[in-house]
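S.K.: sequence? don't have it. structure:
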């Protein structure tokens, strides 16, 4: 068991040496290659541009199909009457319409089934599955031929600059905190936050609250250029702090969440501490394709 003295030493090592510029962790060519891959992934058949709808289920029966009068309207080539969802408290069942030829996880669907979060129903290039937004249960619809995917205008980036590879000190909380933040639909998402990353920009101290994302840190933030040059929500991931308590933040790889391009996605809003007044002219710029 770690002694109190040892714990104090560890915490002390995590809060020294702030504000020094870190040596570039990646060269510009590597970051450009990362940006190209990000756009490729976004435009792929499984990318965020294929999300073509989000419908929240009411208790009881909800019809689904490409018939516009369906409770869960699906794009063609889905059948006009694909089937029906039945929501019973937190459980959701799907019963296909006879002759609809739907598949479940790639195999023909022959009858009523209780859906799990990982299940995928499909008809041609259209697929749909369960999606939770806060406490609400909905159906997320994907279409490989979606208008958003067909008309996508491409990503825009600030130039890669070494000065936006920042050496921050990680200041852990006494214990990780559980917080809730609203998403763009007004539902609440739960995050675990273990501490703050502290650094300086033009002589001003900045503190970003970090969310836990597996073994990495996830920063949900906005900056002073929001709505003009940058989107109102920005994401950045970083590796866990090193033994010296420092963490490298490469803002050249800050990027927009899917709701920057797609109105059918749900994205968490930055916690109050992460709504920065300073401008961070690095990473992905606001999307101008709509």
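M.R.: Sure, I can see it. All values derive from a computational prediction rather than experimental measurement.
S.K.: tell me the contacts of the residue nearest to residue 192 when sequence neighbours are not counted?
M.R.: Spatial nearest neighbour of residue 192, chain neighbours left out: residue 212 (4.5 Å); criterion: C-beta to C-beta, 6 or more residues apart in numbering. Glycine gets a C-beta too; all of them are placed from N, C-alpha and C. Each residue near residue 212 by C-beta atoms under 8 Å, 6 or more residues apart in numbering is listed here: 176, 191-194, 218.
S.K.: Sitting in strands, which of the residues you listed do you find?
M.R.: By the criterion of DSSP state E, membership of these in strands covers 176, 191-194, 218.
S.K.: For the stretch 51-200 of the chain, which residues score under the pLDDT cut-off?
M.R.: When residues are selected by pLDDT under 70, none of them lie in the stretch 51-200 of the chain.
S.K.: all strands for it, in order.
M.R.: For the stretch 51-200 of the chain, the strands defined by DSSP state E, counting those that start in this stretch cover 51-56, 60-65, 72-73, 83-88, 91-96, 103-104, 107-108, 113-114, 121-123, 126-133, 136-143, 165-182, 188-201.
S.K.: elements contacting the first one?
M.R.: Applying 3 or more C-beta pairs under 8 Å, 6 or more residues apart in numbering; DSSP states H and E, one finds that strand 51-56 contacts strand 72-73, strand 126-133, strand 136-143, helix 147-150.
S.K.: 6 Å instead, please
M.R.: Packing partners of strand 51-56 (3 or more C-beta pairs under 6 Å, 6 or more residues apart in numbering; DSSP states H and E): strand 136-143.
S.K.: Just want the most central residue of this structure.
M.R.: residue 257 (5.3 Å; C-alpha atoms, centre = their mean).
S.K.: My read is that that one contacts residue 232, right?
M.R.: No: using C-beta atoms under 6 Å, residue 257 is not in contact with residue 232, being 9.7 Å away.
S.K.: out of the ones in strands among the contacts of residue 212, who's nearest residue 139?
M.R.: The closest of these to residue 139 turns out to be residue 191 (C-beta to C-beta; 24.6 Å).
S.K.: Please report how far the closest one lies from residue 178.
M.R.: From residue 191 across to residue 178, the span is 7 Å (C-beta to C-beta, to the nearest Å).
S.K.: So the two - more neighbours on which side?
M.R.: Shown here are residue 191 and residue 178; by other C-beta atoms under 10 Å, residue 191 has more neighbours (19 against 9).
S.K.: Just list the residues touching the more buried one, thanks.
M.R.: 179, 211 (C-beta atoms under 6 Å, 6 or more residues apart in numbering).
S.K.: what's the domain layout of the chain?
M.R.: Per automatic domain parsing, the structural domains of the chain span 4-43+154-274, 49-150.
S.K.: Just send those back as a markdown table, with distance to residue 287 too.
M.R.: Output for these, formatted as a markdown table (distance: least, C-beta to C-beta, whole Å):
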| stretch | distance to residue 287 |
| --- | --- |
| domain 4-43+154-274 | 5 |
| domain 49-150 | 11 |
